[in-house]
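*Asks:* show me the folded form of this:
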Amino acid sequence: MLNMNATILFAGVAVVLFVVSFFTSRRIGRLGLALAAGSILSTIWAYEAELIMGAFGIIPPSLSIHAVTLAVITLLPMIILLFHGPRYKTLVSRIIGSLLITVLALAFLVGPLGQALVIDGSGADIYSWFVSHKDIVISAGLVLAVGDLLITKSSSHSTGKRSRR
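*Replies:* Numbers count the residues shown, from 1 in each chain. Predicted coordinates for the structure are as follows:
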């Protein structure tokens with residue numbers, strides 16, 4: 001377990017997620033489903049990835065290799081999709097989308113972060129809220145992601161191109 005202030009690290013993860021998603025301005029649809037895919041992949045590939053990360057010494061000894069591996073695998077599909085796909089057009093939609101994807105990502109990361117950090121102080125209240133509401137946040141976030149995919153026009157529709165069969 002990491003003994004540094006977990007509140008600062010938890011807030012830092014949230015800020016980085018928000019800033020990156022804001023500046024790439026990608027829509028929540030693909031990113032939310034990528035987080036879900038990453039969460040599923042992390043349960044399947046965690047052991048093998050831990051062996052690889054442990055063999056190469058990528059993770060500092062003060063961190064839990066298991067927790068970091070789960071977090072990395074969970075975030076990796078979303079990180080890849082941050083550089084491709086539809087974007088938000090307005091500043092307000094970028095802020096709301098970034099906030100939603102940050103909350104959804106934190107809900108997926110509650111487990112791995114809780115394993116790696118000693119949560120106490122004021123951050124414990126926020127963390128315990130995420131733990132107790134994780135399933136609701138993930139469910140609502142994935143419903144929003146699917147809804148966003150349904151309302152987002154593909155590039156072929158927006159340019160007037162039609163596919164011929």
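
*Asks:* contacting residues for the spatially closest residue to residue 149 that is not a sequence neighbour?
*Replies:* Excluding the flanking residues, the one nearest residue 149 by Cβ to Cβ, 6 or more residues apart in numbering is residue 29, at 3.8 Å. For the C-beta atoms, the positions are set from N, CA and C on the backbone; glycine is no exception. Applying Cβ atoms under 8 Å, 6 or more residues apart in numbering to residue 29 gives the contacts 86, 145-149, 152.

*Asks:* quick one: buried ones out of those residues?
*Replies:* 86, 145, 148-149, 152 (16 or more other Cβ atoms under 10 Å).

*Asks:* between those residues, which sits nearest residue 42?
*Replies:* The shortest approach to residue 42 among those belongs to residue 145, at 17.8 Å (Cβ to Cβ).

*Asks:* what helix or strand is that closest one located in?
*Replies:* For residue 145, the host element (DSSP states H and E) is helix 122-151.

*Asks:* chain center to that helix, what's the gap?
*Replies:* Put simply, helix 122-151 sits 11 Å off its chain's centre (Cα atoms, centre = their mean, to the nearest Å).

*Asks:* quick one: the helices in this structure?
*Replies:* Listed in chain order, the helices of the chain (DSSP state H) span 6-24, 28-56, 65-81, 91-116, 122-151, 155-158.
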